[in-house]
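[1] Please find the sequence and the predicted model below.
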Amino acid sequence: MTVAAPRADQSEDFLLTGMTCAACASRIERRLNKVDGVVAQVNYATERATVTLRPDVERSTVVDVVAKLGYGATPLSVPDDERGDVEAVRDDRVADLWRRLVVAAVLFIPMVDLPLVLSVLPEARFPGWEWVVVALAAPVVGWSAWPLHRAAFVNARHGASSMDTLISLGIIAATVWSLGSILTGHLPDPSAGALSVFLDPVGPLYLEVAAAVTTFVLAGRYVEARAKRSAGDALASLAALAARDVAVLLPDGTEARIPAAALAVGTRFVVRPGEKIATDGTVESGASAVDRSMLTGETVPVEVAAGDAVTGGTVAVSGRLVVTATAVGGATQLAGMIRLVESAQASKASVQRLVDRISSVFVPIVITLSVLTALGWWAVGGSAGDVFSAALAVLVIACPCALGLATPTAMLVASGRGAREGIFLKSHQALETSRVVDTVVFDKTGTVTTGAMTVRSVHLADADSRRRVLAAAGAVEDASEHAVARAVVACARAEVDAFPAVEGFEALPGLGAHGMVDGVEVRLEKPVAGLPDWAPAPEQDSTLVVMRLDGAEVAVFELADEVKPSAAPAIARLRAAGLRTVLLSGDRSEAASAVGTAVGVDEVVADVLPEGKVDALRSLQSGGRRVAMVGDGVNDGPALAAADLGLAVGAGTDVALDAADVILVRDDLQAVPDALDLAKRTATTIRRNLVWAFGYNVAAIPLAALGLLSPLIAGLAMALSSVLVVSSSVRLRN
């Protein structure tokens, strides 16, 4: 396969194959990071490596390094047909595990039952029964266990070890010991019964143990692989939202169907009822209700008409639309969401980095403990069976796999669950921070309110100047993205046919905007020193803008904004959860207080400039508060970055989305408590997984070393520990 070199400063994702435990992932990561110009992060749960390459380092370098370690790596930026082959290999691995598991289970059951049959029915005893057990065990410890032996051999060839090293050593040791016992005539008494195989920690024949360990490990691997695949289904579901083909509108008015991937910005395409919108765009004509539930979690379709923006992957429900593409390929909102989920799943929490370091040295430590256990039993005069049984149990029970899975599987499931609810966690940092958040700060305009402001009235110093004032105001505000600017422009367009040209436009964050129109300086700003004498008293909840021409106050715009219906219930949920809520606004105190009272926040901070928002957050933080900030606009970028946890409304600006830790694509503030709840439940699951994984090893290894744990029971417990951790994480899907 030919792999092209990446662009400068390009971060590449690679799909890895052949990893069997967290130690494998740690080994690949360490080796890649030793390569000059490569910074790598490997995630065992997602089987992916996120690699940052210096411009002079080719992607083929990563592929070669991973291949030399005995694993496979394929860049996820290769064509879909090439990547599909690798995905098929991963699916085949699940099927292969199932085949090997079935063979192992079918042959293991009679191996355990044979001693029971011989004890209950003495007449069934026959010479050479032990060789029947050997015949039953051979396919299990050979063919079924081959992936374990192969992985152990590959690691050993490179001077490394993994969980498979422990399992393979245990299976081989039990098999060799058993064959030696048979050849020397040291056989167990069949009258002891099958139950003794599970309960008796000492016995001369361990073929049942070798077969049992193989069966239990394969069962655990199979369940784990299935659970990991289903846990990552959300990413595939997001990718499946993309339309395969689209009806483009030709210049002569006819239509032609082309692959959606062939769309270009500016292309006009048709969407009929029931069809997916192929890419992000603007409605040119037509009207329809659009179902956005698959993308945002919102159950109620949204009505769109000419001039409205639509998102690729959503579905037109009721009408025909003609849409002009505004973004295609990797620039679409859907592609951005997929990248967010991939980034979150590939990131590592600080505790996971600690676990990876532990896993990388765990296997050599366990082998050493097994040897010390054998020497200890020999020193106190234990029989050969005692020595071997205890050492074997230590090898089998001490598996670091549960440790390696504890954190990434929970994040894998949580990021998928959040994606279905319109909640996108950028990284593990959001999880680690959200569980300690005790204060939630909301921006007002566009976050708590709809942002669809309207001009309630225009007060003029000179009534005869209305058209001139509106034309100048519309010209300046037409270059701004703020909700207030859009409202002023809409008001001006209703009375003015065309706006004059504006020069030297500048947005004044938190204050307003200014520019030159026909040689006159036009400034539209929030009132700082009060209103002019000729302006009447405004409504309490009004937002005010004063307009000046060459410094003279000529107009006051009085605007109104509606509170989002979801604001009050969302804030009530946060307060019920014990969180303090604060409304932060650059608006005047009367308007901000009216909104704060309507939604029920604990505190309102008004008349705050963008840099003042940061100061307000730092003031809360200096008082011991852990603060989450919810915002959507350019003005909120610094505050989102300064907060302990930033949550950006998905309809917000790129600045807000880049600065935030969590993206909320639902236009519903109930997503805020939902996101915090999801993050806290995920953090709780991770802690529970780690407590079990650490506790299991801490408790099990001493029991095995003291000879209180049968190797067969050790194998069962080891397999169940990994299944328990994965199953605990999968519960987050519900």
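    Now that the structure is in, tell me what you want to look at.

[2] Where does the prediction get shaky in the stretch 251-400 of the chain?
    293-300, 336-360, 398-400 (pLDDT under 70).

[3] give me the number of residues near V554?
    V554 has 19 neighbours, counted by other Cβ atoms under 10 Å. C-beta: built from backbone N, CA, C; applies to glycine.

[4] What segments of the stretch 351-500 of the chain are helices?
    For the stretch 351-500 of the chain, the helices defined by DSSP state H, counting those that start in this stretch occupy 384-397, 401-420, 428-434, 466-477, 483-493.

[5] could you dump the ones you listed to TSV with mean neighbour count and distance to R575?
    Shown next, in TSV, are those (neighbours: other Cβ atoms under 10 Å; distance: least, Cβ to Cβ, whole Å):
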stretch	mean neighbour count	distance to R575
helix 384-397	26	48
helix 401-420	28	23
helix 428-434	23	17
helix 466-477	23	37
helix 483-493	21	26
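
[6] In a markdown table: those, plus distance to A552.
    Listed next are the helices of the stretch 351-500 of the chain as a markdown table, based on distance: least, Cβ to Cβ, whole Å:
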| stretch | distance to A552 |
| --- | --- |
| helix 384-397 | 85 |
| helix 401-420 | 52 |
| helix 428-434 | 49 |
| helix 466-477 | 11 |
| helix 483-493 | 18 |
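
[7] Tell me how far A145 lies from F153.
    12 Å (Cβ to Cβ, to the nearest Å).

[8] Who has more neighbours out of those two?
    Set A145 next to F153 and count neighbours by other Cβ under 10 Å: A145 wins out with 27 against 14.

[9] tell me which helix or strand of this structure sits lowest on mean pLDDT?
    Of all helical and strand segments in the chain, the minimum by mean pLDDT, DSSP states H and E falls on helix 195-199, at a mean of 41.

[10] Can you check the pLDDT for V246?
    Model confidence at V246, expressed as pLDDT, equals 87.

[11] isn't it right next to A264, touching?
    No: contact status for V246 versus A264: not in contact, 11.5 Å apart, counting by Cβ atoms under 8 Å.

[12] What average pLDDT does whichever strand or helix holds V723 get?
    If you go by DSSP states H and E, V723 is part of helix 711-730. Computed over helix 711-730, the mean pLDDT rounds to 70.

[13] tally of neighbours for A452?
    If we define neighbours as other Cβ under 10 Å, then A452 has 12 of them.

[14] got a list of what it touches?
    A483, A487, D561, E562 (Cβ atoms under 8 Å, 6 or more residues apart in numbering).

[15] With P673 instead?
    A570, R573, L574, A577.

[16] repeat that for 10 Å
    Residues in contact with P673 (Cβ atoms under 10 Å, 6 or more residues apart in numbering) are V440, P569, A570, I571, A572, R573, L574, R575, A576, A577, L579.

[17] does the nearest residue to it once chain neighbours are set aside belong to a helix or a strand, and which?
    Closest residue to P673 apart from its sequence neighbours, by Cβ to Cβ, 6 or more residues apart in numbering: R573 at 4.2 Å. Taking DSSP H and E as the definition, one finds R573 inside helix 567-576.

[18] Against which helices or strands is the helix or strand that that helix is followed by packed?
    Downstream of helix 567-576, the first helix or strand assigned by DSSP H and E is strand 580-584. If contacts are counted by 3 or more Cβ pairs under 10 Å, 6 or more residues apart in numbering; DSSP states H and E, strand 580-584 sits against strand 439-443, helix 567-576, helix 589-599, strand 603-605, helix 610-622, strand 627-631.

[19] Just name the most buried of the ones you listed.
    Each of the helices and strands packed on strand 580-584 was scored by mean neighbour count; the highest is strand 627-631, a mean of 30, by mean count of other Cβ atoms under 10 Å.

[20] roughly how far is the helix or strand just after it from the heart of the chain?
    Using DSSP H and E, the helix or strand that follows strand 627-631 towards the C-terminus is helix 637-642. The chain centroid and the centroid of helix 637-642 are separated by 22 Å under Cα atoms, centre = their mean, to the nearest Å.

[21] what mean pLDDT would you report for helix 637-642?
    Here the average pLDDT along helix 637-642 is 75.

[22] One more: stretch 412-429?
    On average, stretch 412-429 scores 74.

[23] one step back: quick check: neighbours shared by A145 and F153?
    D164, S168.

[24] then the helix holding R573 to CSV, C-alphas only?
    Extracted in CSV, the C-alpha atoms of helix 567-576 (Å, rounded to 0.1, in the frame of the first residue of the first chain):
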residue,chain,number,x,y,z
ALA,A,567,-33.8,28.1,30.0
ALA,A,568,-35.9,28.1,33.2
PRO,A,569,-36.3,24.2,33.4
ALA,A,570,-32.6,23.7,32.7
ILE,A,571,-31.6,26.2,35.4
ALA,A,572,-34.1,24.6,37.8
ARG,A,573,-32.4,21.2,37.2
LEU,A,574,-29.0,22.7,37.8
ARG,A,575,-30.1,24.3,41.1
ALA,A,576,-31.8,21.1,42.2
